Structure formats: C-alpha cells, structure tokens
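Trainee: Mind folding the following:
(chains A and B)
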Number of protein chains: 2
Amino acid sequence: MSNQKLFNVAVVGATGAVGEQIIGLLEKRNFPIGELKLLSSARSAGTKIMFKGQEHTVEEATPDSFNGIDIALFSAGGDVSKSLAPHAIERGAVCIDNTNAFRMDPNTPLVVPEVNIEKVSEHKGLIANPNCSTIQMVAALKPLQDRYGIARIIVSTYQAVSGAGSRAIDEMLRQTREALEGNDLKPDILPVGSLPVKHQIAFNAIPQIDKFHENGYTLEEMKMVRETKKIMGDESIDVTATCVRIPVVHGHSESVYVELKNDYDLEDVKKLLSDAPGIVLVDDPANQLYPLATEAAGKPDVFVGRLRRDLGSDRGLNMWIVSDNLLKGAAWNAVQIAEYMAHNK
Amino acid sequence: MSNQKLFNVAVVGATGAVGEQIIGLLEKRNFPIGELKLLSSARSAGTKIMFKGQEHTVEEATPDSFNGIDIALFSAGGDVSKSLAPHAIERGAVCIDNTNAFRMDPNTPLVVPEVNIEKVSEHKGLIANPNCSTIQMVAALKPLQDRYGIARIIVSTYQAVSGAGSRAIDEMLRQTREALEGNDLKPDILPVGSLPVKHQIAFNAIPQIDKFHENGYTLEEMKMVRETKKIMGDESIDVTATCVRIPVVHGHSESVYVELKNDYDLEDVKKLLSDAPGIVLVDDPANQLYPLATEAAGKPDVFVGRLRRDLGSDRGLNMWIVSDNLLKGAAWNAVQIAEYMAHNK
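Mentor: Numbers count the residues shown, from 1 in each chain, chains lettered A, B, ... in the order given. Predicted coordinates for the structure are as follows:
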C-alpha cells in the first residue's frame, strides 16, 4: 500500500463534541492522511490534540487554512460552514458539512452511505451530512423502501443531550446532581441555547429541539421531514415527526410507524434488516432484547428492534431504532463519506 | 350539611404509592367518610398513617375486612383484587379497582369520568379504573371524538418510573447516583420485576413496560389499545402504541397522532380542549410553553400542547399529552369515581 494516495484533511470544529469523534475515527480507521489540519474558532485555537501519537495544535480557521486541503470536514455550526466552506471549495477542497447550512440546497447531495452513496459523485465541492435523528431512521428504512416502497412515516424521538453539545451534557449532569440533593436546578442551556426560556432536562422530557416554525413544528422536526424525502429520493413520502429531548447522554431512540406501499412479510422484514449494511437487528422479545441507548453508545451501527405489525393497518409496521447520535448520527456518517471519496479517487 | 350521607371507605394497598395518593385525596377533597379502613398485605399491616389528624393503623386485608364497607378502593395488584373484590362485593361494598384484573371484563364498567361517567350506573359491584397511560390520552381525546369522530390513534409514550412503584423509583435514583460516580449500576427491578432480564433505567430509554404478548406488543401497549376502544365506546378506532420507560420520577408524557373522521379546524380544537373539564391547554410555541412532566407532577389535570396539523394527512393532528400518572392516571381518577357515586346515592 506504499502507493496509496494520501489526502490532506482539515477538521473544522476540532474541539467540539462531533469534531473530537471525527478525529478519533480518522485515527481508528487509519484514513490515508497526508497532512491533518485541526481548525476551530479563535477561542479554542491553541488547544493540543493527539493524533497517532503526535501532538497537533488547533489553529483558528480562516480562508487560507484550506490552502492545499483535499477534504474538509465541517462541524462548527451553520454560520461557520456558510462563511468558510465557499473559501475551502475555491481552494480545491471537497467539504463534508455536518451542519444544517446546505442540506436542503438542491445542488448539494445529502448523503447517508447506506441509502444514497451514489449521490456523492454529483457534488459541486460540498456534500451535506444529514441531521442525526434523520440518518439513523433512513438507514433502517432503506431496505424496506427498496423491497416494499414507503408511503408514510410517523416518528417520535427520544433524543440524547449530547446532540445539544458538551455544555448541555454538563448542564444535565449538574441538574441531576442538584435534583438528587433536592436543590434548585436553574436551567440555563436547554432546550435551545439562543432562546430565552429554559427548561429542566434532569428527570424530564422536553418536546422541543431547536426553534419553532410558524406551522407549529420545530426545526428538528422539519429537518426529519424534509431530509428524509430528499435522502430517500421520494417527495411523496408523508413524514411527521415529534422530537423530544430526554435525559440520556449518548444515543437517540426513535419510535417509528412506517406504512409500506405493499403487503409485507414480517419475517422477510427481519431478514432484510439483519442482512442490511450498518444495521444490527436486536429483536428478541422472549429474551427481553431490543435496542437500548446505553448499549448503542460508542458503536457505529444502527440498532433496530421491537418489529411488529401494526394492529390497525396491514401495511403498517412499528419499530424501535437506536444509534449513537455523535457517531452514525454525525462523525461516522461523515467519515464514511470521506472514505468513499478516498476509495473512488 | 349535617344530614350528608357518610360512607364507610376501605383503601386496599394503603401503603403503596397509589394508595398513599388516594388517602391524601380523600382527606384533601373532604370525602364524606364515616369509617376509614386502611388495608394491606400482612407484611405492611401495623403501619401507622395519619388521616385528618388521627392516627390509623393499617390492617391485613381479609374477606371480613369489608363488613360494613360501602366503597372499597383497590390498588394492591391484580391478584389481590381478584381474590378479595368478590368478598367485598358479597358484603355489599362497591369496589373501585385500580388494577388490570377486571378492566376488560364485559360486565365491568371501565371509567374515566371526563369520558364515560354514565357507565358507573351499570356496575355490578365493581368499577374498573383504567391504566394510567390510557386515562390521560382518552381524557384529552374525548372532546375531539365528540366533535369530529376518531378514526385512528398512534401513540408513543414517555413513562415515568413511579408507574412501576416506589422500589423502581429507589432503583432509578440509586442507579443515577452510581452513574454520576462512574460506578457499576446493577439493575435489579426494571423493566419488569418478575422477569429475569433487567436493564439500566438511569440515562436510558427502555421500550418495554410489562410482559410481551405473542404479537410482539407488551401488555402495557395492549392495555392502551383495548382500554381506549372500550372507554371511548368504539371498537372501530385503530389504536397502536409503543410504550417506553424513561428516567422521569412522576408524570407520563405521550406523543399522540390522531386521525379524525372529519375535517377539523385547529383553532376550534384548541378551544374545545381549553373548555374541556380536567384538561389544561399549554400550547404557546412562541413562548416555548408546552406540557412538561416536571410541571404536571403533583397536579390532577391532563396537560395538552404541541397541537399541530399533520403534514401528510389533513385529518391528522399531532399532540403532546402529559399528566401525573399517580394522580389522574390512578388515585385521582378513582377518587373522582367515588365522589360521583357519593353524590349520586
């Protein structure tokens, strides 16, 4: 493998929760890296990060940071992607963007490798990584779409606090300690850092992730609706979502009702899912086995279980889908895309 | 009111989580009690409980405990109800049973006062109190059923640990402390005390409440399906449920998709719900107001919010329903039934 092509890689948001996972995966997967550039805001610049036994110093991300970069992985918020990705593209980098900035842009492929990896080739310098709650759902539904067609999806989520960043985790743990002591909790981040009203997350369930739209849905819910249609390549799929934050550290769980276009066989569905790449079927009610957030945390797979035929609709199927929101829901999906590009150069 | 008829009342399961709430409500509501008899298993007999400034000693429940009793409130598990309720009825008591023992018995009214209080008059000595997760849902849906008709319900629950009893709460708090210290958690009660496999509830979501049926649904899910049809008096309503335990102490939350039989107006739905007895509408997304388990805990009402039209189906409506599972979901619903009987003697 001495002739293997090497890639100069930039990680933007290197000190964030997702950036940290990306760096860890690049190392673990032995990604063919030439130069590794770790970038952040001015505030976090100077941080030291170890990569393959070498210390790297995080630099402030500027347009010129991308000189000579082949692949830039962005996860520093939508505003950073919007301002810096065009400069990276101009300098010849391909950007894999983990933010909401370009996902619905018709010229930007929105990619979950298990679903639509072929869209990568259509990129114009930028590939968008979908929202965490969308990724795990479409990965699990793709085999059903291919075999039976999908008419409708109704999803309710049970989302981990790590999706709101490390400060939200700190807040939840602090609130939990205070609650156990019977003290005042003083929420100050969740549900949405930039909005005025704060709610307790310790021992609670908050039915708001991100801001509200005028239609009464939150942005997180609308992401699931719009991104699912785009990734699955079918605007006719009806999608409704209710997104809820619960006191879990890592791992989003989802209760999904899916209505197929054709009659299905439940055993065939189980076989399809157990054969599908990236999917692990955990569905053994007799032994009380089903996916759990605590078991999915730290693993790259999407776990599926509680498969059962709907009691009202013959073409309805209920399922429980769990995955680590920082891995398959963010970092691992992005690194999968980077690996595909590296193998197809 | 000196001529007010007084009732001799027995509380079976007086030392349990629900029994405790029932006793508190009988006191707070100034229920017209002649004699109060507090009953339990042999193990808890002898416990002292204060009621209106007087100390009562809990006695072991036996068939003769019901001599002279007018109203017996049962919440000591299905087996106790099955063995003792017939003796209580034989001795002339009317039983209000909070367990699963008789709910689906065709001769037993299953009552949520806001929905079908008129069924009380059909009793043959026993009235069943529905399952907690069912009660709050049908109370919130009743005004919609009356106005528009209901074709279908798809519900995913976020259920509090107190629904599994005080020992489950202790387990969750202990596990949470251990998790914060980074120690081993050793689950030993949840999800189902009598089953062999145990799962961590601290910082997790467990998609199993009660045992599994052969159809892949849990008993809790099947309760929601069957009880909803019976209480709403319409076997044609399609109901599907996914019941999930989350780390919340008190207060069940529910993500409910309901498909109405007729076109509806969202503002009319909001008005119907804000005028409905026992329902509190908390639905102001602009101010980030919606029902929360922590706010519902300790209150008798059913809180409804996040009302929004389904994006796929014109007759579909999504809502978020929260209530204290030990109050409206159990003790308060039972005491409401007792109050109705007292007023209609």
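Trainee: Residue A:36 touches residue A:51, doesn't it?
Mentor: Yes. Look at residue A:36 against residue A:51 with C-beta atoms under 8 Å: they come within range, at 5.9 Å. Using the backbone N, CA and C atoms, a C-beta is placed for each residue, glycine as well.
Trainee: Comparing these two, which residue is more hemmed in?
Mentor: Between residue A:36 and residue A:51, residue A:36 has the larger neighbour count (other C-beta atoms under 10 Å in any protein chain shown), namely 21 against 16.
Trainee: Roughly how far does the more buried one sit from chain B?
Mentor: 31 Å (C-beta to the nearest C-beta, to the nearest Å).
Trainee: secondary structure element for that residue?
Mentor: Assigned by DSSP states H and E, residue A:36 belongs to strand A:33-40.
Trainee: Can you list the buried residues in the helix or strand immediately after that strand in the chain?
Mentor: Sequence-wise, the next helix or strand downstream of strand A:33-40 (DSSP H and E) is strand A:48-51. By 16 or more other C-beta atoms under 10 Å in any protein chain shown, the buried positions in strand A:48-51 come out as A:49, A:51.
Trainee: next one: stretch A:59-72
Mentor: Using 16+ other C-beta under 10 Å as the test for burial, stretch A:59-72 gives A:59, A:61, A:65-66, A:69-72.
Trainee: so which of those residues comes closest to residue B:293?
Mentor: residue A:61 (40.7 Å; C-beta to C-beta).
Trainee: which residues touch that closest one?
Mentor: Contacts for residue A:61 (C-beta atoms under 8 Å, 6 or more residues apart in numbering or on different chains) come out as A:12, A:39-41, A:76, A:80, A:84.
Trainee: Strand partners (parallel or antiparallel) of the strand holding residue A:36?
Mentor: strand A:7-12 (parallel), strand A:59-60 (parallel) (DSSP bridges).
Trainee: and those as TSV, adding distance to residue B:302?
Mentor: Formatted as TSV, these follow (distance: least, C-beta to C-beta, whole Å):
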stretch	distance to residue B:302
strand A:7-12	47
strand A:59-60	52
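Trainee: Can you say which of those strands is packed in most?
Mentor: The highest average neighbour count among the strands paired with strand A:33-40, using mean count of other C-beta atoms under 10 Å in any protein chain shown, belongs to strand A:7-12 at a mean of 25.
Trainee: What's the first helix or strand after that one?
Mentor: helix A:17-28.
Trainee: Who are the packing partners of that next one?
Mentor: Of the remaining helices and strands, those touching helix A:17-28 by 3 or more C-beta pairs under 8 Å, 6 or more residues apart in numbering or on different chains; DSSP states H and E are strand A:7-12, strand A:33-40, strand A:48-51, helix A:332-343.
Trainee: Overlap of the contact sets of residue A:36 and residue A:51?
Mentor: Overlap of the contact sets of residue A:36 and residue A:51 (by C-beta under 8 Å, 6+ apart) consists of residue A:26.
Trainee: ok so, going back, looking at the contacts of residue A:61, state which has the most neighbours.
Mentor: Highest neighbour count within the contacts of residue A:61, by other C-beta under 10 Å: residue A:12, with 30 neighbours.
Trainee: was I right about that one contacting residue A:72?
Mentor: Yes. With contact defined as C-beta under 8 Å, residue A:12 reaches residue A:72; the gap is 6.2 Å.
Trainee: Now render the strands paired with strand A:33-40 as JSON lines, adding mean pLDDT and distance to residue A:307.
Mentor: As requested, those are exported to JSON lines (pLDDT from 0 to 100; distance: least, C-beta to C-beta, whole Å):
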{"stretch": "strand A:7-12", "mean pLDDT": "98", "distance to residue A:307": "37"}
{"stretch": "strand A:59-60", "mean pLDDT": "98", "distance to residue A:307": "48"}
